[in-house]
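Trainee: any chance you could fold what I've pasted below:
(one chain, ligands or ions: 2)
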Amino acid sequence: MIKAIIFDVDGTLADTEDGHRQSFNKAFLDSGLDWNWDVPLYDKLLKVTGGKERIKYFVNDFLENYDKPVDFDDFVKNLHALKTRHYTEMIGEGNVPLRPGIKKLIEDAHAAGITLAIATTTTPENVSALLEVGLGPNWADYFSANGSGDIVPKKKPAPDIYFWVLERLGLQPSDCIALEDSENGLKASLAAGIRTYITTNYYTSRQNFDGAEAVFEDLSDIEKFYRTAKLALP
Ligand code: XBP
Ligand code: MG
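Mentor: Ligands and ions are numbered 1, 2, ... in the order given. The predicted structure is shown next:
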């Protein structure tokens, strides 16, 4: 019996990654940096989760002859905060809808008394901005735990954020299922012992999903997902 569904955010609840990419580029422009993450480069950079970690990955592994500022950590933190402002502003304009079937799944599961939670490496403000638009001002009422951002030492593919959520829910991994979009996310949820379903997107469709219970392009056929995951919904 599934007692809880744990949702990843970026790429799963909504197709947000290109919005992140554009927001990084706006922050670079504002900061006078001639960095531009085009889609092919961002596809490579998505190997690293977490925006701050991704900026450092870019500087260390993709830039040549770049003199890091002395207070490099502060520099990255400030640059990322600027990116988050751009991203939340963009999301607030309401042009990034929840992916097909997501709203119905959340409403059906919540109505049936299934516990819902979030396990993401993105920044908490990004989750609020997305779900205020997608689920309304009381979006947080649907979720019993909201694990996001820097609250754990290691981000996906480490399982830390999933362990953080399980601990808050007081549930065993076997009581839950996870919904993810990426190989990093799947590695994290599997390492936490949680059966995981995948919905793919432009950036993740070619990744390795060995170990997933099932892989869907999206949840537009939500009844098929309910049958596959043996969810007695609605
Ligand atoms: C996806 C990520 C995040 C976003 C960018 O998170 O790895 O880092 O790409 O958001 P998930 P931030 O799939 O776990 O939801 O810049 O706020 O990290
Ligand atoms: Mg994701």
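
Trainee: leaving out chain neighbours, which residue sits closest to whichever residue of the chain sits closest to ligand 1?
Mentor: Residue of the chain nearest ligand 1, by C-beta to the nearest ligand atom: residue 51 (2.2 Å). For every residue, glycine as well, the C-beta is placed using N, CA and C. Nearest residue to residue 51 in three dimensions, chain neighbours excluded: residue 80, at 4.9 Å (C-beta to C-beta, 6 or more residues apart in numbering).

Trainee: ok, now residue 63?
Mentor: residue 35 (7.9 Å).

Trainee: phi, psi of the one you found?
Mentor: phi -90, psi 140 (degrees, to the nearest 10).

Trainee: re the thing from before, thought the residue nearest to residue 51 was touching residue 55?
Mentor: Yes: if you go by C-beta atoms under 8 Å, residue 80 and residue 55 touch, sitting 6.3 Å apart.

Trainee: show me which residues of the chain sit near ligand 2.
Mentor: For the chain, the residues in contact with ligand 2 (C-beta under 5 Å from the ion) are 8, 10, 11, 181, 182, 185.

Trainee: name the residues that touch the lengthiest helix in the chain?
Mentor: If you go by DSSP state H, the chain has its longest helix at helix 72-92. With contact meaning C-beta atoms under 8 Å, 6 or more residues apart in numbering, helix 72-92 is reached by 16, 19-20, 22-24, 26-28, 30-31, 33, 51-52, 55-56, 59, 68-69, 96, 123, 125-126, 128-130, 132-133.

Trainee: burial count for the residue nearest to residue 51?
Mentor: By the measure other C-beta atoms under 10 Å, the count of residues near residue 80 is 22.

Trainee: pull the number of nearby residues for the closest residue to residue 134 other than its chain neighbours.
Mentor: With sequence-adjacent residues excluded and distances taken as C-beta to C-beta, 6+ apart, residue 134 is closest to residue 98, at 4.1 Å. Other residues near residue 98 come to 19 when the count uses other C-beta under 10 Å.

Trainee: any idea how far residue 105 is from residue 98?
Mentor: Noted for residue 98: a distance of 10 Å to residue 105, by C-beta to C-beta, to the nearest Å.
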